[in-house]
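Q: this one's structure only:
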DNA sequence: CGCCAGGCCGTGT
DNA sequence: ACACGGCATGGC
């Protein structure tokens, strides 16, 4: 059965929507976008893979000082130079070539223009991004949503934990598929207009990260969480 | 000092 | 299809 169809799915979707409302009330607008430039969002999406954002900021600062926070800037850097600049956020042997591969795709198929890339329909572009090295479902959707303004839902480790700990999905957190969570998020905002969904997906993911950092890491820190899950009581 | 962080990929079953 | 280890650094 597909997520969102069926009584249990609709119930979970409604509860997820309610979580968004609670988080929005508790934390307010997150301004993840358009605060940063599209390319900065893309670089952040790569650099933050299993990495604390604090470390990503150091790398972005290095890139800023090297005037490499633009497509031209990244293009002009050698892979080796890029590796050095992004060292603080780890996994640089993989991330540096991956970032260069993104720019290579941008140049080869979109004349180096992010605006041109953004014109491609979401589904086709998502497939292209997923074919790139170092781009999985979360990074692809982060690029689509935050850098290119497409109305695609996002999921991440925090949402996985939240959904699992609140009983919105079956099974242990680790075996809950990304696509399942994304579909659940789509269902949660299905009644909103297309234009509004981009904003809602954007804010919801940012809010998920905000509450996740504070209260829903690998080890639960439920104290004071606005979502008030009863994890402490259950375990 | 040990655990954790806004994943992804190759390998083995 | 799914589990599991490796990737690397810095913060707490």
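A: Now that the structure is in, tell me what you want to look at. The model shown is predicted, which means the values in this text are computed figures rather than measured ones.

Q: Can you name the residue of chain A nearest to DNA strand B?
A: Scanning chain A for proximity to DNA strand B using CB to the nearest atom of the strand identifies residue A:136 as nearest, at 2.4 Å. (Glycine included, C-beta is placed from N, CA and C.)

Q: List the residues that contact that residue.
A: Shown in contact with residue A:136 (CB atoms under 8 Å, 6 or more residues apart in numbering): A:130, A:178.

Q: Helix or strand: which one has the residue positioned nearest the centre of chain A?
A: Most central residue of chain A, judged by C-alpha distance to the mean C-alpha position with CA atoms, centre = their mean, is residue A:142 at 4.1 Å. Under the criterion of DSSP states H and E, residue A:142 resides in helix A:137-142.

Q: Touching whichever helix or strand comes after that helix from outside, list them.
A: Sequence-wise, the next helix or strand beyond helix A:137-142 is helix A:157-165, with elements assigned using DSSP H and E. For helix A:157-165, the external contacting residues (CB under 8 Å, 6+ apart) are A:12, A:16, A:19, A:168-169, A:171-173, A:176, A:181, A:184-185, A:205, A:208-209, A:211-213, A:216-218, A:220, A:227, A:229, A:231.

Q: Just the ones in helices from those residues, please.
A: Filtering the contacts of helix A:157-165 for membership in helices, criterion DSSP state H, returns A:12, A:16, A:19, A:181, A:184-185, A:205, A:208-209, A:211-213, A:231.

Q: Just the pLDDT for residue A:7.
A: For residue A:7, the model assigns a pLDDT of 81.

Q: do the same with the one 10 residues further on
A: Per-residue confidence for residue A:17 comes out at a pLDDT of 98.

Q: I'd say it and residue A:188 touch.
A: Yes. Residue A:17 is in contact with residue A:188 according to CB atoms under 8 Å; the separation is 4.3 Å.

Q: if you count what's nearby, which of those two comes out ahead?
A: residue A:188 (25 against 19; other CB atoms under 10 Å).

Q: who touches the more buried one in this structure?
A: A:13-14, A:16-17, A:20, A:204.

Q: between these, which has the most around it?
A: Most neighbours among the contacts of residue A:188, by other CB under 10 Å: residue A:204, with 25 neighbours.
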